[in-house]
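>>> Task: produce atomic coordinates for the following.
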Amino acid sequence: MGTTMFVLFLHGPAAAGKHTIGSLLADALQLPLFHNHLTVDLARCLFEFGSAEFNELRGKVWDESFSLAARANRSFIFTFHPERSVEPSLIAKLAAVVEESGGQVHYIELVCAEDALLERLDTPQRARFGKLRDSRLYRQLNDSGAFDFPPLPTPLIRVDTGTLEPPQAAQQILEALEERAGICHKT
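Alright, predicted model coming up:
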């Protein structure tokens, strides 16, 4: 994998497979998975989701984590669900921290048709992380603009997780990383 620090920034909607695919990539690349819900759960134990305090704590944890990893030259995988409670400038700031340290951020976009997402919401794995599981609530949030977020930088690859099983999606990402970013994985 070389000595250049990098972040694989997996992003996509709820139930697109970020954690599942991120776990497969973490195993293949021997990298830690910094799953979004680790920070969400931390902040939510003290503050209501989306409150100013929640947003501030989540932002500080992300910022400090990215900063320390960049200084330590520690590559990792990060998952992100674009949504309105995240200040868009925070994402640019996180990328800048990595890039200013000589590292790279590789955006990986996971997409999936809404009907497939809705079918996946109520699974045991999602329950384990306290994730959104109610399809009616998902529709309400989506209709209210809760998942609105400015476009992220052009992804290295866009993967339709509604048409691929997680191992196939992870394999496509690994191939793109090797071909386009020079990041090799263990077989």
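
>>> can you tell me which strand in this structure is longest?
As assigned by DSSP state E, the longest strand anywhere in the chain is strand 104-111.

>>> Check which element follows the helix or strand of the chain with the lowest mean pLDDT along the chain.
Of all helical and strand segments in the chain, the minimum by mean pLDDT, DSSP states H and E falls on helix 124-128, at a mean of 65. As assigned by DSSP states H and E, the chain's next helix or strand after helix 124-128 is helix 135-143.

>>> contacting residues around the next helix or strand after that next one?
Using DSSP H and E, the next helix or strand after helix 135-143 towards the C-terminus is strand 157-160. With Cβ atoms under 8 Å, 6 or more residues apart in numbering as the contact definition, strand 157-160 has outside contacts at 21, 108-112, 169, 172-173, 176, 180. The way it works is simple: take the backbone N, C-alpha and C, and place the C-beta from them, glycine included.

>>> coming back round to it: helices or strands next to the longest strand of the chain in the packing?
strand 6-11, helix 88-100, strand 157-160, helix 166-181 (3 or more Cβ pairs under 8 Å, 6 or more residues apart in numbering; DSSP states H and E).

>>> In space, what's closest to the residue most central in space within the chain - neighbours in sequence excluded?
Note on the chain: the residue nearest the mean C-alpha position is residue 79, at 1.5 Å, using Cα atoms, centre = their mean. The shortest distance from residue 79 to any non-neighbouring residue, by Cβ to Cβ, 6 or more residues apart in numbering, is to residue 18 (4.0 Å).

>>> now residue 13
residue 117 (6.0 Å).

>>> Tell me how many other residues crowd that neighbour.
21 (other Cβ atoms under 10 Å).

>>> Helix, strand, or coil at it?
helix (DSSP: H, G, I helix; E, B strand; the rest coil).

>>> Distance of the residue nearest to residue 177 when sequence neighbours are not counted relative to residue 157?
Of all residues not flanking residue 177 in the chain, residue 183 sits nearest, at 4.1 Å (Cβ to Cβ, 6+ apart). Applying Cβ to Cβ, to the nearest Å, the value for residue 183 to residue 157 is 12 Å.

>>> about what we covered before: give me the three-state assignment for the residue nearest to residue 177.
Residue 183 falls in the coil class when you classify it by three-state DSSP.

>>> Other residues contacting the lengthiest helix in the chain?
Across the chain, the longest stretch assigned as helix under DSSP state H is helix 52-71. By Cβ under 8 Å, 6+ apart, the residues outside helix 52-71 that reach it are 5, 7, 34, 39-40, 42-44, 46-48, 74-76, 85-87, 90, 93-94, 97-98, 100-101, 103.

>>> Kindly report the same for stretch 106-124.
Contacts for stretch 106-124 (Cβ under 8 Å, 6+ apart): 6-18, 21, 126, 132-135, 138-139, 142, 152-162, 169, 173, 176-177, 181, 183.
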